[in-house]
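A.B. asks: Provided below are the primary sequence and the corresponding predicted coordinates.
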There are 2 protein chains.
Amino acid sequence: MTEAIPFDLPGDDLFGLDNLPYGVFTTSGAPDLHRIGVRFGSHVLDAGAAAEAMGSAHAELLKAPTLNPLMAAGRPTWQAVRADLQNWLGDPGHRATVGGHLVPLADVTLHLPFEVADYVDFYASEHHATNVGKIFRPDGDPLTPNWKHLPIGYHGRSGTVVVSGTPVVRPLGQRKPKDAPAPSFGPSQRLDIEAEVGFVVGTPSAMTTRVGRQDFREHVFGVCLLNDWSARDLQAWEYVPLGPFLGKSFATSVSAWITPLEALEQARTEPPARDVPPLPYLDDSGEKDGLDIRITVTLNGEQVSEPPFSAMYWTAAQQLAHMTVNGASLRTGDLFASGTVSGPEPDQLGCLLELTAGKGPFLSDGDEVVLTAWAPGPNGTRIGLGEVSGTIAAAPAE
Amino acid sequence: MTEAIPFDLPGDDLFGLDNLPYGVFTTSGAPDLHRIGVRFGSHVLDAGAAAEAMGSAHAELLKAPTLNPLMAAGRPTWQAVRADLQNWLGDPGHRATVGGHLVPLADVTLHLPFEVADYVDFYASEHHATNVGKIFRPDGDPLTPNWKHLPIGYHGRSGTVVVSGTPVVRPLGQRKPKDAPAPSFGPSQRLDIEAEVGFVVGTPSAMTTRVGRQDFREHVFGVCLLNDWSARDLQAWEYVPLGPFLGKSFATSVSAWITPLEALEQARTEPPARDVPPLPYLDDSGEKDGLDIRITVTLNGEQVSEPPFSAMYWTAAQQLAHMTVNGASLRTGDLFASGTVSGPEPDQLGCLLELTAGKGPFLSDGDEVVLTAWAPGPNGTRIGLGEVSGTIAAAPAE
């Protein structure tokens, strides 16, 4: 079996030794046995079985049915496990042992890799917030007065976070066009995407304590791609004054692969200059807290946009500091997303609302949306993020 | 031991045989053993131990460390367990057996009785929404145009839902008075309460399905009192356009006792007349979907308000139907709260913002707030809801 495994991946493979994202998989032979997998090229390493075979002290964590125990174990453990994996897959001397635990990607089913605790969605792209503000509030300033003082965010629905590939059923709900006298009920007619990057909390924190911006790497385990499906008509009618609710809560898709933050060290970059000085707890002057992640959005196989994550005004480290500055705790499995990633250019917008200037067309039944992304890795390599895909299914009967 | 137990409670006891709320407790002798307790007068029945002693088929569910397995078991099981409990505690023939499993309330520590899945907070009192709208948006209509068409709600932070008695640490955050040029950072100076009723989901539902208003009793296990602590200054600065976030997420207190919905049958009442006809999925004409729960708010032992839950415009059944109409799933442990309960009278307002017309005083360090409530039970009895209390602790260092 090991003969068939391309241990020496081509240098441009997006899932080489410098990446090694984590997921959870089953095989058709054992459909109920959820196992932690590590993506390596076009194979998946059964991490628990490999750890056991290698006599690893971390075998128990890696034999869990979700990533949560590993995520809860903290950064020193994440680093030790990652070093082990790179050794096992990189050292030719281990191939005979680990080769038997590599499964072709095509032979596995991927699952939601962690149990989501709280889900928070931010609104951190100045370009997106400006574009949307113009569409939703044409009579006011596009950016609200607070926007450059704090990373605006809100809680979303954890229970409807689904893994890439899950069909997205068009939601029913109330819509009221501006000139209609009353709302009507029916399928959303303005179903949209939001291309985002999600951050997954590993190390928890206690209530009444704060997690500073500088402790970001102690708490955040990894990164996923995220599509925050949005029913714009439901959202527009419901969101004043308490924010988005049903326009978002029907489904949020995440990639099956969680890229360790360690794999994105080379992608660190300074965020854009802030024209309003942030308060001290958000001040990151001179820090490379941004991430150079390049997203591609495809609709039915056609590329529609390339949102640059490096253009985000607020960083994930600032978001973490803000989210806990009031003493709110973190739990293992907390997921916080960037908000729609939009750049300054017309081909860098992260949702159809912006790409079509609010006019549509929006998503039709049967449409498939795929987000992919990569970031610079060491020595000119590229680190691929897991894709997040979804196909729109027709609304249920009213 | 049984001699000391007043099995024959006075008729006006708020926690008699027609109530029997569920909680989770430990004793000093076994501080790590979380056990399901049922409140009976001023005692707590160790439900798992009693069920085992009685040879109950439900002993396994009742020996769990949280209510979640029982809640997930569904309404027929809830009814069977409740009938058993009423029999065990009500039939003198069982006293010798169950008496040994009754612990004085004073000897137990109560814990958060269930694992919170998603937490949603509504905004269902017309009086509250009108009063707050006038304070937060003095230049606009107090009620937004959508208010009478749908029960407005938003997701809150599940991870900071705490049990009654947990100290509430004053949150730090950004505040910007209207006339200040920029926000400042520091302890909230407008810390408030919100007296609410919470509903706890037992039976889950699948994504892409809807739970109709009429299926409310199949899915909702029980009711708690809830204090949605609110930092009004943080909230006012942050909430446009995506809703409340840090102004609420530092702590939400719930009562240690979950009153079974079955215990509130006599409290069912028709909600107030709606002056805007709701869409069919929200239409409850002629249905007694309201609940006559009478809340008392005390501040440092002094009664400050008596909010009447029967005055709520939107019912919990409508909220459940709305929350799932877009295909969002329900999970066991989902908690949804009514929003602040305020009646039409000045002594019926559910938060200090309303009670002081926005001017304060708000909460000082050391202040203790206690919410209690009762509802009519059978034969003139009263059903007590568990109290929810909290004392304000000073903010941490900046």
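C.D. replies: Thanks, I have the structure now.

A.B. asks: contacts for stretch A:54-71?
C.D. replies: Contact partners of stretch A:54-71, identified using Cβ atoms under 8 Å, 6 or more residues apart in numbering or on different chains, comprise A:22, A:24, A:34-36, A:47-52, A:73, A:77-78, A:80-81, A:84, A:88, A:94, A:97-98, A:113-115, A:200-203, A:221, A:258, A:332-333. (Each C-beta comes from the backbone N, C-alpha and C, glycine too.)

A.B. asks: which residues touch whichever strand or helix holds A:Thr259?
C.D. replies: Using DSSP states H and E, the element containing A:Thr259 is strand A:259-260. For strand A:259-260, contacts defined as Cβ under 8 Å, 6+ apart pick out A:19-22, A:78, A:82, A:221-224, A:383, A:385-386.

A.B. asks: what residue ranges in the stretch 1-150 of chain A score low on pLDDT?
C.D. replies: Residue ranges of the stretch 1-150 of chain A with pLDDT under 70: A:1-4.

A.B. asks: for chain B, what are the nearby residues on it?
C.D. replies: Residues of the stretch 1-150 of chain A lying close to chain B (Cβ under 8 Å from any Cβ of the partner chain) are A:117-119, A:123, A:133, A:136-137, A:144-146, A:149-150.

A.B. asks: ok and the residue in chain A nearest chain B?
C.D. replies: Closest to chain B within chain A is A:Gly243: 2.4 Å, counting by Cβ to the nearest Cβ.

A.B. asks: domain ranges for chain A?
C.D. replies: Structural domains annotated on chain A: A:2-111, A:119-393, as defined by automatic domain parsing.

A.B. asks: Most tightly packed of those domains?
C.D. replies: Mean neighbour counts were compared across these using mean count of other Cβ atoms under 10 Å in any protein chain shown; the top stretch is domain A:119-393, at a mean of 21.

A.B. asks: End to end on that one, go ahead and measure it.
C.D. replies: Taking Cα to Cα, to the nearest Å as the measure, domain A:119-393 stretches 24 Å from start to finish.

A.B. asks: List the contacts of the residue of chain A closest to chain B.
C.D. replies: By Cβ under 8 Å, 6+ apart, A:Gly243 lies in contact with A:154, B:154, B:239, B:241-244.

A.B. asks: My reading is that A:Gln319 lies in a helix. Confirm?
C.D. replies: Yes. Counting by DSSP: H, G, I helix; E, B strand; the rest coil, A:Gln319 is located in a helix.

A.B. asks: Run through the residues that contact it.
C.D. replies: A:120, A:122, A:124, A:151, A:153, A:199, A:336, A:338.

A.B. asks: Could you pick out the residues of the stretch 201-350 of chain A near chain B for me?
C.D. replies: Within the stretch 201-350 of chain A, the positions near chain B by Cβ under 8 Å from any Cβ are A:207-210, A:231, A:234, A:237-247, A:249-251, A:279-281, A:322-323, A:325-331, A:334.

A.B. asks: Keep only those of the residues you listed that are in strands.
C.D. replies: A:Ala231 (DSSP state E).

A.B. asks: The helix or strand where A:Thr296 lies: what's the following helix or strand?
C.D. replies: According to DSSP H and E, A:Thr296 maps onto strand A:294-299. Per DSSP H and E, the first helix or strand lying C-terminal to strand A:294-299 is strand A:302-305.

A.B. asks: next one: that next one to chain centre, how far?
C.D. replies: Relative to its chain's centre, strand A:302-305 lies at 19 Å (Cα atoms, centre = their mean, to the nearest Å).

A.B. asks: Then stretch A:222-229?
C.D. replies: 2 Å.

A.B. asks: Would stretch A:154-163 count as contacting chain B?
C.D. replies: Yes. Using Cβ under 8 Å from any Cβ, stretch A:154-163 reaches chain B at A:154-160, A:162.

A.B. asks: Alpha carbons only: can I get that stretch in PDB?
C.D. replies: Extracted in PDB, the C-alpha atoms of stretch A:154-163 (Å, rounded to 0.1, in the frame of the first residue of the first chain):
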ATOM      1  CA  TYR A 154     -22.800  39.900  16.700                       C
ATOM      2  CA  HIS A 155     -23.600  36.400  17.800                       C
ATOM      3  CA  GLY A 156     -24.900  33.900  15.200                       C
ATOM      4  CA  ARG A 157     -26.500  30.500  15.500                       C
ATOM      5  CA  SER A 158     -24.000  27.700  16.400                       C
ATOM      6  CA  GLY A 159     -26.500  24.900  15.800                       C
ATOM      7  CA  THR A 160     -26.700  25.600  12.100                       C
ATOM      8  CA  VAL A 161     -23.000  25.700  11.300                       C
ATOM      9  CA  VAL A 162     -22.500  22.900   8.800                       C
ATOM     10  CA  VAL A 163     -19.600  21.400   7.000                       C
END
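
A.B. asks: quick revisit: just the ones of the contacts of strand A:259-260 in strands?
C.D. replies: Under the assignment DSSP E, these contribute A:22, A:221-224, A:383, A:385-386 to strands.

A.B. asks: how about a markdown table for these, with distance to A:Gly366 added?
C.D. replies: Shown next, in a markdown table, are the ones in strands among the contacts of strand A:259-260 (distance: Cβ to Cβ, whole Å):
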| residue | distance to A:Gly366 |
| --- | --- |
| A:Tyr22 | 32 |
| A:Phe221 | 35 |
| A:Gly222 | 32 |
| A:Val223 | 30 |
| A:Cys224 | 25 |
| A:Ile383 | 32 |
| A:Leu385 | 26 |
| A:Gly386 | 23 |
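
A.B. asks: List just the nearest of the residues you listed to A:Thr315.
C.D. replies: Closest approach to A:Thr315 among the ones in strands among the contacts of strand A:259-260 (Cβ to Cβ): A:Val223, at 12.4 Å.

A.B. asks: Name the next helix or strand downstream of the longest helix anywhere in chain A, please.
C.D. replies: If each helix of chain A is counted by residues according to DSSP state H, the longest one is helix A:75-90. The helix or strand immediately downstream of helix A:75-90 is helix A:95-98, counting by DSSP H and E.

A.B. asks: any idea how far that next one is from the chain center?
C.D. replies: Centroid separation for helix A:95-98 versus its chain: 32 Å, with Cα atoms, centre = their mean.

A.B. asks: same for it, what does it pack against?
C.D. replies: helix A:47-53, helix A:75-90 (3 or more Cβ pairs under 8 Å, 6 or more residues apart in numbering or on different chains; DSSP states H and E).
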